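Engineer: just coords:
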């Protein structure tokens, strides 16, 4: 049969998709010779390259732009370039901001002015931060999956010990069986991702103005009693004895309305009580009963308590807003006694709408640069390893053993090029035979073919994976929903109107006295860092949930892709395509899933950054002079932002569950990501030597002959066999 060539009339065409073959050859060649010698029943490069030159990896026509950029080392090079660009942006921004703006402590001010503009700039900067972080963390996840992918030698070693790897999806299980250096780099990339999540979104934050005013309680004869207040008060308070008489007089209702909001811009206040003398406190014949300065801005959202901390509070609502209906009987606390208020004298309200600011923290920006540099090192290491593997001469010592199996197509290619001796005579095993237990000897040998199966996608990933992912996502949604409910109840208790318009007016990422988290309220440096961690811990949790979600979705997509090999011929989808082979998606997730999922991840991270965020109170004296020592940072939340985040999260979870209810028909055993099950399906006949480079189908390669003497046990495999047909239900194969 040397030199045998099929005539053009004997060629039958079948459609398949391949990004590496020109459109002039839009159909794949299936050789069907009704009376051809056995060795010509399998497709080969030598027979087909005259018809389709592009199927030969050595032919220049197979080297397309698409195949070039889909090669693993090229893709990693692009990821490395991306992380370097982001690092350059971060370093430039840090240096430029430090040089361009004044730094006080480790905080600089980018903008000072209109509050609406400051909020818009804050939202824009955070969108840019989340765009960059999504790109960097995506590159990091790309490398982490490659680092956790086994080599062929590691797979062979695991199979010899009756263990198996997950192929084509992120897997912590794999870390127990790969080289130590790759595990170290995997951990380094993971920790750098966690650090970036905990700090990056707080590199830029908004500040809001706050008046640090003085409040004094006086006797009813304040306007006529000229006895000096003396040493019982500080200089600023003593000045109010005269200055306060020129303030605007407010009735009880107007006084409560003006001072109920700590961000209203209200200044010093003189509260005139109905006391006849100050015998309860100083007892010095002056009109001064009590004084205090509203300076502790670390708890600025609760500084109006002087208005409603009267001892008869069981008869009064513990809320400024709910105090309004009882303004006629308003009383304040003096020496633990409820003292009725007559009227107030309030300083003119200042316009604070142009005193908001946008700030950056140099320490956080340096942390981001350092972690970004660590990312560059991790991606560079992965790229160098991949580049070395690409340049390794085929057939060289240990070249096959060191082949990295990143996708399910990579593993199929490897097993077709060199069959795995540990999975011989196991052609009907599926992923279900390896779940929840060790590999056992009973899987080897002939088994009856149960026939085609229509399986819901719920069953295409293990129960443990489904329970972990859905429980984690649902649990997070319930926790956020519970916290949102508690926040709404708290706001309602404060007298805030509960309506969509109220939440919408509050906006995204805007600090509000009623939406401050009651955590880390003490003063000092720890308050800032505590607020940063509290605000950004949600970003880390979202990223962890994304990894779980992505892993599960990837497994379902791999299972569906595998099912196609039972019904049609398809070239392998590999990370380093050659000839007719197809290029990978973003590793194993199809673009129709990966692009919307990445967009949702970006949206969710941005929404979370506007839902729980760092805010800084900028203290001012009533005169307008800033008081940096009284400024403080707190973690705040946005009700509307949380609602949007919840809605996005619920859509993602419902979509995943909906995908799980879909059915997929399998004309071959489902293998999911199980390396052992994949290997068992890749034991083609010796003559089918080019199967890894050509369109293949899982079919019978040795027919079962149960009526013969002795009975012949059939065998199935991925193959290029002409007229390939599936197994017969009830017949035995091995």
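Structural biologist: Structure's in. What do you need? Keep in mind that what you see is a predicted model, and the values were worked out from it rather than measured. Residues are numbered from 1 along each chain as shown.
Engineer: and the pLDDT for the closest residue to residue 512 other than its chain neighbours?
Structural biologist: Leaving aside its sequence neighbours, residue 512 sits nearest to residue 506 (Cβ to Cβ, 6 or more residues apart in numbering; 5.6 Å). Any C-beta I mention is one placed from the backbone N, CA and C, and that applies to glycine too. Reading off the confidence values, residue 506 has pLDDT 73.
Engineer: wait, residue 506 sits on residue 643?
Structural biologist: No - here residue 506 does not reach residue 643: they are 11.0 Å apart, not a contact under Cβ atoms under 8 Å.
Engineer: what is the burial count for the residue nearest to residue 512?
Structural biologist: 18 (other Cβ atoms under 10 Å).
Engineer: show me the contacts for it.
Structural biologist: 512, 515, 638, 639, 640 (Cβ atoms under 8 Å, 6 or more residues apart in numbering).
Engineer: do the same with residue 562
Structural biologist: By Cβ under 8 Å, 6+ apart, the residues touching residue 562 are 408, 668, 670, 671, 672.
Engineer: enumerate every residue touching the most centrally placed residue in the chain.
Structural biologist: When the chain is reduced to its mean C-alpha position, the nearest residue by Cα atoms, centre = their mean turns out to be residue 543, at 2.9 Å. Taking Cβ under 8 Å, 6+ apart, we find residue 543 in contact with 137, 193, 197, 605.
Engineer: repeat that with 7 Å
Structural biologist: Residues near residue 543 by Cβ atoms under 7 Å, 6 or more residues apart in numbering: 137, 193, 197.
Engineer: just send the residues you listed back as TSV, with secondary structure, neighbour count and distance to residue 159 too.
Structural biologist: What follows is those, written out as TSV (DSSP: H, G, I helix; E, B strand; the rest coil; neighbours: other Cβ atoms under 10 Å; distance: Cβ to Cβ, whole Å):
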residue	secondary structure	neighbour count	distance to residue 159
137	helix	25	33
193	helix	24	32
197	helix	22	37
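Engineer: just give me the closest of those residues to residue 284.
Structural biologist: Nearest to residue 284 among the contacts of residue 543, counting by Cβ to Cβ, is residue 197 at 58.5 Å.
Engineer: gap between the two ends of stretch 246-258?
Structural biologist: 17 Å (Cα to Cα, to the nearest Å).
Engineer: cool, and stretch 561-571?
Structural biologist: Note: stretch 561-571 ends 11 Å apart using Cα to Cα.
Engineer: closest to residue 176 out of the contacts of residue 543?
Structural biologist: Closest to residue 176, out of all of those and judged by Cβ to Cβ, is residue 193, at 20.8 Å.
Engineer: one step back: lowest pLDDT pick from the contacts of residue 562?
Structural biologist: residue 672 (88).
Engineer: quick check: that residue is in a helix.
Structural biologist: No - secondary structure of residue 672 (DSSP: H, G, I helix; E, B strand; the rest coil): coil, not part of a helix.
Engineer: can you tell me the closest non-neighbouring residue to it?
Structural biologist: Residue 672 sits nearest to residue 431 (Cβ to Cβ, 6+ apart), 4.0 Å away.
Engineer: related to what we said a few turns ago, just name the closest of the contacts of residue 562 to residue 657, please.
Structural biologist: For the contacts of residue 562, the nearest to residue 657 is residue 672 (18.7 Å; Cβ to Cβ).
Engineer: any idea how far residue 337 is from that closest one?
Structural biologist: 74 Å (Cβ to Cβ, to the nearest Å).
Engineer: the two: which has the busier surroundings?
Structural biologist: Neighbours per residue (other Cβ under 10 Å) separate residue 672 from residue 337, with residue 672 holding more: 26 against 13.
Engineer: tell me how far residue 345 lies from residue 224.
Structural biologist: 14 Å.
Engineer: these two: which has the busier surroundings?
Structural biologist: residue 345 (23 against 7).
Engineer: what about the more buried one, which SS state?
Structural biologist: With three-state DSSP as the basis, residue 345 sits in strand.
Engineer: thought it was touching residue 244?
Structural biologist: Yes - with contact defined as Cβ atoms under 7 Å, residue 345 reaches residue 244; the gap is 5.2 Å.
Engineer: joint contacts of those two?
Structural biologist: In contact with both residue 345 and residue 244: residue 270, using Cβ under 7 Å, 6+ apart.
Engineer: most neighbours of all the contacts of residue 562, which one?
Structural biologist: For the contacts of residue 562, neighbours tallied by other Cβ under 10 Å; top is residue 671, 30 neighbours.
Engineer: for that one, give me its contacts.
Structural biologist: Neighbours of residue 671 in contact, by Cβ under 7 Å, 6+ apart: 430, 431, 562, 677, 678, 681.
Engineer: returning to that earlier point: where's the residue nearest to residue 512 relative to residue 499, distance?
Structural biologist: 11 Å.
Engineer: next: residue 244.
Structural biologist: From residue 244 to residue 499 the distance is 39 Å (Cβ to Cβ).
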